[in-house]
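*Asks:* sequence plus predicted model, see below.
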Amino acid sequence: MTGDFAAATRVAGEVLGRSAIQGWRYAPFEDFVDGLFVTKPPELGLRLDEWVGQDSANALALLLRAQYDYDVGWARRGHDFSEKTAPERLTAFKADMARALAEVEAATRRDPGNPYSFYLKLRILRAHGYSPTFVEAFEDAIAAFPGYYPLYETALTALQPRWGGSIPDMRAFVEKYAGGATQFSPLRLLYLSLYRHALSAASVACEAAGGGRDKTAQCVAAFMKENVPPALEQSALSAVQLYDHADKYEFGVAIKDIVSDIMATPGADAYSGAVLELVAGGMHSDTQLNEQNPGHNDYVVDKLVALSWRDKGFYDNEATKLKEALADAAVATFPSEEEKNLALARIYERLSEAAVQQRQFVDEIAFEKAAVLLGVTWDEHYICHGYYVLKRYDDAVRACTQAIADAGGGYALYWRGEAYRLGRHPDQALEDLTKSADSEDYFAPYAAVDISMIDFDRGDNRAALNVLNKYAFLYDTNRTERSQVAVAYNNRCYAHMQLGELKPALDDCTRSLEYGSLPDAFRKQQELVKRLALPQKGL
């Protein structure tokens, strides 16, 4: 967004003007919003503030600002349970949600004809569970747009046990709204979504009880037997029959997310495999690795089968099915050329990810370039990552700079910082890596540690220590991987050691070994014990 707010209003208004409720979504407006907020750089928030400031009566500006605050709030909070989330993150999250709620309510007052505003309001309120306020908002929403499926899906999600609801609550909700719907109403898909949420509830409860993978699977089976009677299971599975009575593209968009969630549910392997087979059959496709009748699968089934191979760690098989998905999507019917290109680009991006897993970095670059040529730029960082791993640092810097220009900072900022660092441009590296660490995104812990390494290389141990003390998330396993926590403690141990602060150094090396078995941390620990003349503990 460049600050041309008249153009922004015109573009968003044009998309809104040709949007309609189509099966399970409000298209193409939902795709427009999703594409706009794939990355959430602070500059975008500033531009949205300016837009609202210049035109406070603009419903679209208010709605998009609300969406930005909602997305940033969840990114800041994370998706762990409240008890595993730092208090300061919860406080910031509540402020973000309050601001987003005020903005979306203002947008709805100015334009009550946009169903997406009602949907976003429900998603914001869902953070507080199925509260009286949520119920009132839901009833207002379905009174205005009774056929808008995401409203019902959001309410069903709010009734999950993890949000304070229960399986009986979800079953009663689905029976109320889907049970009374016509045989081929889009609302009938709620039965399959209920099945998904029941599996999720089972998995959460069983993982909390402890035990290995087999025990979790047995626990999930027992939970489902007790809570999902055969009649309800049959209703869930019969929802696949909607494929023959609905727009094939819209059905694929809706079913993909549900089945993907089921496949990602720990302990639900037996169920996910059965659901995938059933969905494939209902969509007149098969799940074989090599199709006997190529070109006749629904490309969504190809993508789901590819996902199942990825989950098992067979990335070559994943790539095989994704290439079949390309071929099947090429002959499929789409609402528009734009949506066809989007579907193809997403497959290319999945191929790029699969190439990374196989360490085929030239292919990683080529597949992502194909996605960019189709107009999708949000994973453009795969191009600069590929060049970085190939040690083509100048190419990496150029590709990352382009990715940052097209889609904002994020991962590309981190990889450009790394390319600068290993290309021996420490000042530029520090600038990028500091921004990456301050953003607290996925690569923030890696960026913070790399900043300390630049300071160590310069012989500035105090600066390195200051960096390692600045970023508290480096030592928080709810935020940072255990292996990276071990590295952070080990580096801080080294900094203290170089500064002659032996007791803090020993404490940090000892903590490092609690999170990982770094030989370097063990060696320094033994040396520090000797230097402090402390009795050594037995191994």
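*Replies:* That came in fine, so what should we check first?
*Asks:* check which helices and strands the helix or strand that V449 is a member of sits against.
*Replies:* In this assignment (DSSP states H and E), V449 forms part of helix 444-457. Counting contacts by 3 or more Cβ pairs under 8 Å, 6 or more residues apart in numbering; DSSP states H and E, helix 444-457 is packed against helix 411-422, helix 426-439, helix 461-470, helix 482-498. For every residue, glycine as well, the C-beta is placed using N, CA and C.
*Asks:* which elements pack onto the third one?
*Replies:* Spelled out, that is helix 461-470. Helix 461-470 packs on helix 444-457, helix 482-498, going by 3+ Cβ pairs under 8 Å, 6+ apart.
*Asks:* what angle do that helix and helix 482-498 make?
*Replies:* 140 degrees (axes from the mean of the first three to the mean of the last three Cα atoms, to 10 degrees).
*Asks:* tell me where this structure is predicted with low confidence.
*Replies:* 1-3, 38-42, 292-294, 534-539 (pLDDT under 70).
*Asks:* for the nearest residue to A268 once chain neighbours are set aside, what are its contacts?
*Replies:* Closest residue in space to A268, ignoring its immediate chain neighbours: L199 at 4.8 Å, by Cβ to Cβ, 6 or more residues apart in numbering. By Cβ atoms under 8 Å, 6 or more residues apart in numbering, the residues touching L199 are V220, M224, I262, T265, A268, Y271.
*Asks:* in strands only, show me the residues you listed.
*Replies:* Among the contacts of L199, no member is found in strands (DSSP state E).
*Asks:* who touches stretch 7-23?
*Replies:* 1, 26-29, 32, 51, 55, 58, 60-61, 64, 114-115, 145, 147-149, 186, 246-247, 250-251, 254, 335.
*Asks:* please repeat the previous calculation with a cut-off of 6 Å.
*Replies:* Y26, P28, F29, F32, L60, G147, Y148, P186, A246, D247, E250 (Cβ atoms under 6 Å, 6 or more residues apart in numbering).
*Asks:* and the residues you listed, which two are furthest apart?
*Replies:* Pairwise distances across the contacts of stretch 7-23 (Cβ to Cβ) peak at 29.4 Å, for the pair L60 and A246.
*Asks:* before we move on, back to that, can you lay out the contacts of stretch 7-23 as JSON lines showing neighbour count?
*Replies:* As requested, the contacts of stretch 7-23 are exported to JSON lines (neighbours: other Cβ atoms under 10 Å):
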{"residue": "Y26", "neighbour count": "22"}
{"residue": "P28", "neighbour count": "20"}
{"residue": "F29", "neighbour count": "21"}
{"residue": "F32", "neighbour count": "18"}
{"residue": "L60", "neighbour count": "22"}
{"residue": "G147", "neighbour count": "14"}
{"residue": "Y148", "neighbour count": "20"}
{"residue": "P186", "neighbour count": "25"}
{"residue": "A246", "neighbour count": "20"}
{"residue": "D247", "neighbour count": "16"}
{"residue": "E250", "neighbour count": "18"}
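*Asks:* from those, pick the one nearest A488.
*Replies:* F32 (40.1 Å).
*Asks:* any idea how far G13 is from the closest one?
*Replies:* 11 Å (Cβ to Cβ, to the nearest Å).
*Asks:* any buried residues in the lengthiest helix in the chain, and which?
*Replies:* In the chain, with assignment by DSSP state H, the single longest helix is helix 87-110. Of the residues in helix 87-110, those with enough neighbours to count as buried (16 or more other Cβ atoms under 10 Å) are 89, 93, 96-97, 99-101, 103-108, 110.
*Asks:* check contacts around K369.
*Replies:* No contacts exist for K369 under Cβ under 6 Å, 6+ apart.
*Asks:* and it, what element?
*Replies:* Counting by DSSP H and E, K369 is part of helix 361-373.
*Asks:* beyond that helix, next helix or strand please.
*Replies:* helix 381-389.
*Asks:* how far away is the closest residue to S82 other than its chain neighbours from R47?
*Replies:* The shortest distance from S82 to any non-neighbouring residue, by Cβ to Cβ, 6+ apart, is to L90 (6.4 Å). The spacing between L90 and R47, counted by Cβ to Cβ, is 28 Å.
*Asks:* do the same with L528
*Replies:* On the measure of Cβ to Cβ, L528 and R47 end up 51 Å apart.
*Asks:* picking up where we left off before, what is the orientation angle of the helix holding K369 with helix 381-389?
*Replies:* Using the same axes, to 10 degrees: helix 361-373 against helix 381-389 is 150 degrees.
*Asks:* and helix 361-373, what's buried?
*Replies:* Buried residues in helix 361-373 (16+ other Cβ under 10 Å): F361, D363, E364, I365, A366, F367, E368, K369, A370, A371, V372.
*Asks:* quick one: distance of stretch 344-353 to the chain centre.
*Replies:* 16 Å (Cα atoms, centre = their mean, to the nearest Å).
*Asks:* equivalent analysis for stretch 336-351, please.
*Replies:* 18 Å.
*Asks:* now do the strands in the stretch 1-150 of the chain.
*Replies:* 20-22, 25-27 (DSSP state E, counting those that start in this stretch).
*Asks:* the first one pairs with which strands, parallel or anti?
*Replies:* Spelled out, it's strand 20-22. Here strand 20-22 has these sheet partners by DSSP bridges: strand 25-27 (antiparallel).
*Asks:* before we move on, the earlier item: next, format the contacts of L199 as TSV and append neighbour count.
*Replies:* Output for the contacts of L199, formatted as TSV (neighbours: other Cβ under 10 Å):
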residue	neighbour count
V220	26
M224	20
I262	24
T265	19
A268	26
Y271	24
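*Asks:* one step back: what's the spacing between the residue nearest to S82 and Q526?
*Replies:* With Cβ to Cβ as the criterion, L90 and Q526 are 41 Å apart.
*Asks:* can you check R511 too?
*Replies:* 15 Å.
*Asks:* comparing those two, which residue is more hemmed in?
*Replies:* R511 (18 against 12; other Cβ atoms under 10 Å).
*Asks:* how far away is E291 from G164?
*Replies:* Distance from E291 to G164, by Cβ to Cβ: 45 Å.
*Asks:* looking at these two, which is more packed in?
*Replies:* E291 (18 against 13).
*Asks:* Provide the secondary structure category for that one.
*Replies:* Following DSSP: H, G, I helix; E, B strand; the rest coil, E291 is assigned to coil.
*Asks:* who are the contact partners of it?
*Replies:* By Cβ under 6 Å, 6+ apart, the neighbours of E291 are N297.
*Asks:* against V259, how distant is it?
*Replies:* 19 Å.
*Asks:* quick one, helices of the stretch 1-150 of the chain?
*Replies:* With DSSP state H, counting those that start in this stretch as the criterion, the stretch 1-150 of the chain has helices at 5-17, 29-36, 42-54, 59-77, 87-110, 115-125, 132-144, 149-158.
*Asks:* make TSV out of these and add distance to F456.
*Replies:* Output for the helices of the stretch 1-150 of the chain, formatted as TSV (distance: least, Cβ to Cβ, whole Å):
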stretch	distance to F456
helix 5-17	45
helix 29-36	40
helix 42-54	29
helix 59-77	30
helix 87-110	29
helix 115-125	44
helix 132-144	51
helix 149-158	47
